[in-house]
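Trainee: need a 3D model of the following:
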Amino acid sequence: MSYALPDSAPGFDQPIAVLKHCHDRIRKQVATLEKLLPHLASHGADDEARQAARAVMKYFDQAAPLHHEDEEQNLVPMLLASASGADAELLAQLVPAILDEHRQMDGMWQELHEQLSAIADGSAAVLRAHDVQRFAETYRAHMEREESHIAPMAKRLFSAAQMASLGQAMQQRRGIVPAAAVAAPAGATGDTVASLRKDYGQASLNEGDVAHDPFVQFTTWFEEALKAQVNEPNAMSVATVDEQGRPTSRIVLIKQFDARGFTWYTNYDSQKGRQLAANPHAALLFFWTELERQIRIEGRVERTSAEESDKYFHSRPLKSRLAAIASAQSEPIANRGALEQHYEEVAKQYGEEPPRPGNWGGFRLVPERIEFWQGRRSRFHDRIVYTLQSDGSWARGRLQP
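Mentor: Here you go, the predicted model:
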């Protein structure tokens, strides 16, 4: 296989030309993908094939999503705001199809990505011709439609200021120009939040992909989070309500999960402990941004047994055990110095074997509803929910994003 030298890219002062340049790069990567088919048949996953697979993956994993975001978050909204008459009618026909094709191509890419990953690491030499053909044909037709209608309309309708704004947004997305370089009116920070967004597209979630048992599905996703080295995959939000129905939430660390439920440990006299005593229901939320995944869990809460609490307490580091005794969690204290002094007093009193305080132990949420959320492009996310039935079985279904 041969590789053409990269063309010089136009500047972002010509944003429509940059988008066309992105299309040209996509065409070259698609051509490389097509060349891989006969090469693999003749040479297997040799060095050249592995290099080509890595190049295609790098582009469609990193650069292509930025191009889609340029269109979905900037180009298309600007056109919709500027067009009228026949232009508006044409956009009403084209835009839904363009956005739908983005989702289709994302799904096709996930299938190809798995095959290319195996080629890239030399563990397989199989690339399905049907998948390549479908991906290539869809992308080429998509780009031709945009170049025939969308790009000429933008050139015709956009003012110089709009072109500059589009180019600026594209540079910010790529980290070329920091967002702070764009001056915002005084007091406009709150309004700016509305424009902060990240499009998702790493994976999909279908009914056929998930286990029948939500605990099995949770275990699968948790293990994938560990493998992906997600930052604190065991961190979860716990939301409770007080006697007046006012909600509060905080981040805690899950310490155990099994068919009985999801367990964490805390001070029973803390705010959440008091609220759970009055209303023993809670909602948990795991958010793994690296995988673009959430898991929402709702149900009733019970205390773990004293034996379970003892076992976990005595497995903790000594300083953590002493801190659990020293801190009257959620209660006010004069200053940090007073807190540390109390810790020193507790450490002196109990030494190396502090006992578990009677007001410290575990809570277990027994789930009644578990939802698995996978981020997708254009906020068209996948949501699969499990609901506990009266006979103890789980009903499974899809929710709209």
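
Trainee: quick check: which ranges of this structure have low pLDDT?
Mentor: 1-9, 178-202 (pLDDT under 70).

Trainee: which helix runs longest in it?
Mentor: helix 85-120 (DSSP state H).

Trainee: list the contacts of Ile16.
Mentor: Ala151, Ala154, Lys155, Met163 (C-beta atoms under 8 Å, 6 or more residues apart in numbering). Every residue, glycine included, has its C-beta placed from N, CA and C.

Trainee: ok, now Ala17?
Mentor: With C-beta under 8 Å, 6+ apart, Ala17 has these contacts: Pro10.

Trainee: so which strand or helix has it?
Mentor: helix 15-43 (DSSP states H and E).

Trainee: rewinding a little: by how many degrees do the longest helix of the chain and helix 15-43 diverge?
Mentor: Counting by axes from the mean of the first three to the mean of the last three C-alpha atoms, to 10 degrees, helix 85-120 lies at 30 degrees to helix 15-43.

Trainee: follow-up on the earlier one: pull out the buried positions in the helix holding Ala17.
Mentor: For helix 15-43, a neighbour-count test (16 or more other C-beta atoms under 10 Å) marks 15-19, 21-23, 25-26, 28-30, 32-36, 39-40 as buried.

Trainee: stretch 143-150 now?
Mentor: Met143, Glu146, His149, Ile150.

Trainee: what two of those are the furthest from one another?
Mentor: The span of the buried residues of stretch 143-150, defined through C-beta to C-beta, is set by Met143 and His149 at 11.4 Å.

Trainee: from Glu368, how far out is Met143?
Mentor: 48 Å (C-beta to C-beta, to the nearest Å).

Trainee: re earlier: out of the buried residues of stretch 143-150, list just those in strands.
Mentor: Among the buried residues of stretch 143-150, none falls in strands (DSSP state E).

Trainee: need those in JSON lines with distance to Val177, can you?
Mentor: Listed next are those as JSON lines, based on distance: C-beta to C-beta, whole Å:
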{"residue": "Met143", "distance to Val177": "26"}
{"residue": "Glu146", "distance to Val177": "25"}
{"residue": "His149", "distance to Val177": "29"}
{"residue": "Ile150", "distance to Val177": "24"}
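
Trainee: rewinding a little: sort out which of the contacts of Ile16 are buried, if you could.
Mentor: Ala151, Ala154, Met163.

Trainee: what helix or strand is the last one on?
Mentor: Taking DSSP H and E as the criterion, Met163 maps to helix 160-173.

Trainee: buried stuff in that helix?
Mentor: So for helix 160-173, counting by 16+ other C-beta under 10 Å, buried means Gln162, Met163, Ser165, Leu166, Gly167, Gln168, Ala169, Met170, Gln171, Gln172, Arg173.

Trainee: got the residue ranges for the helices in the stretch 101-250 of the chain?
Mentor: Using DSSP state H, counting those that start in this stretch, the helices of the stretch 101-250 of the chain run over residues 129-145, 151-157, 160-173, 189-192, 214-227.

Trainee: list the buried residues for the last one?
Mentor: Within helix 214-227, the residues scored as buried using 16+ other C-beta under 10 Å are Pro214, Phe215, Gln217, Phe218, Trp221, Phe222, Ala225.

Trainee: wait, the fifth one touches Arg293, no?
Mentor: This means Trp221. Yes - with contact defined as C-beta atoms under 8 Å, Trp221 reaches Arg293; the gap is 6.5 Å.

Trainee: now do the shared contacts for the two.
Mentor: What both Trp221 and Arg293 touch, as defined by C-beta under 8 Å, 6+ apart, is the set Phe372.

Trainee: could you give the number of residues near the residue nearest to Phe135 when sequence neighbours are not counted?
Mentor: Nearest non-adjacent residue to Phe135, counting by C-beta to C-beta, 6 or more residues apart in numbering: Met108, 4.6 Å away. By other C-beta atoms under 10 Å, the residues close to Met108 number 17.

Trainee: residue contacts, Met108?
Mentor: Here Met108 is in contact with Asp131, Arg134, Phe135, Thr138 (C-beta under 8 Å, 6+ apart).

Trainee: gap between Asn267 and Gly44?
Mentor: The value you get for Asn267 to Gly44, if C-beta to C-beta is used, is 61 Å.

Trainee: more neighbours: those two, which one.
Mentor: Asn267 (20 against 13).

Trainee: I figured the more buried one was touching Ile325, is that so?
Mentor: No - counting by C-beta under 8 Å, Asn267 stays clear of Ile325, with 9.9 Å between them.

Trainee: mutual contacts of these two, please.
Mentor: Pro357, Trp360.

Trainee: what about the spatially closest residue to Glu292 that is not a sequence neighbour, distance to Arg293?
Mentor: Using C-beta to C-beta, 6+ apart and skipping the chain neighbours, the partner closest in space to Glu292 is Gly375 (3.5 Å). In this view, Gly375 and Arg293 are 7 Å apart by C-beta to C-beta.

Trainee: for the longest strand belonging to the chain, list the C-alpha coordinates in CSV.
Mentor: Ranked by residue count, the top strand of the chain under DSSP E comes out as strand 360-374. Taking C-alpha atoms only, strand 360-374 is exported to CSV below (Å, rounded to 0.1, in the frame of the first residue of the first chain):
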residue,chain,number,x,y,z
TRP,A,360,-20.4,3.9,62.3
GLY,A,361,-21.3,1.2,59.8
GLY,A,362,-22.6,0.2,56.4
PHE,A,363,-25.7,1.1,54.3
ARG,A,364,-26.8,-1.1,51.6
LEU,A,365,-29.1,0.1,48.8
VAL,A,366,-31.4,-2.7,47.6
PRO,A,367,-32.2,-1.6,44.1
GLU,A,368,-35.7,-1.4,42.5
ARG,A,369,-34.6,0.4,39.4
ILE,A,370,-31.2,0.4,37.6
GLU,A,371,-30.6,2.4,34.4
PHE,A,372,-27.5,2.1,32.1
TRP,A,373,-26.8,5.2,30.1
GLN,A,374,-24.4,5.4,27.1
